[in-house]
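In: Sequence below, structure please.
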Amino acid sequence: MADPAAILAAARARGWHIATAESCTGGMVAAALTDIAGSSAVFDRGFVTYSNAAKTQMLGVAPDTLATHGAVSEPVAQEMAQGARDRAGVDLAVAITGIAGPGGSDFKPEGRVCFAIATVQGVTAETVEFGALGRDRVRAAATRHALALLARALEA
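Out: Here you go, the predicted structure:
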């Protein structure tokens, strides 16, 4: 797992500030970062946008994007990340939206999680299929992956 203290140190060294936009992880990434003393020097805020209405109201995700692609999609993750970056006025934002389970469908199975990173250079997204590991394990895996994406963005 990417070390939250190392992420914060890298952000501090670059003079960057971070925000999170989380759905299925419910604030776990923000919690991992703010567990570290001194995190307020670089961590600005976390948006927990579990419902589609919250994604639209808090992050500016377009209703058309949600209707066309569904909440668990790279386009929604991208809009979440960009919305968090814009609304917080930060340099770096990560977004997570997925199906932690139990449940899912053939089209969007349990364990599918979409991630996005927004920086001044733009927004990138990816989907990871963690599989039907169970709710707690999917959420933990998604948190670890999001932290790794933050670390990678800070290395670029």
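
In: Quick check: the residue of the chain most remote from its centre vs residue 86, distance?
Out: Residue farthest from the centre of the chain, counting by Cα atoms, centre = their mean, is residue 106 at 23.7 Å. Per Cβ to Cβ, to the nearest Å, residue 106 is found 35 Å from residue 86. C-beta: built from backbone N, CA, C; applies to glycine.

In: Which residue ranges of this protein form strands?
Out: Under the criterion DSSP state E, the chain carries strands at the ranges 18-22, 43-48, 92-98, 112-119, 122-129.

In: and for the longest helix anywhere in the chain, what are the contacting residues?
Out: In the chain, taking DSSP state H as the definition, the longest helix is helix 135-155. Contacts with helix 135-155, where a contact means Cβ atoms under 8 Å, 6 or more residues apart in numbering, come from 1-4, 6-7, 10-11, 14, 16, 18, 20, 24-26, 28-29, 32-33, 92, 94, 96, 98-102, 110-111, 113, 115, 117, 119, 128, 130, 133.

In: Would you mind listing the buried residues in that helix?
Out: Neighbour-count burial for helix 135-155, with 16 or more other Cβ atoms under 10 Å as criterion, is recorded at 135, 138-143, 145-147, 149-151, 153-154.

In: State the distance from the most centrally placed residue in the chain to residue 40.
Out: Closest residue to the average C-alpha location of the chain: residue 95 at 2.2 Å, with Cα atoms, centre = their mean. Using Cβ to Cβ, one obtains 21 Å as the distance from residue 95 to residue 40.
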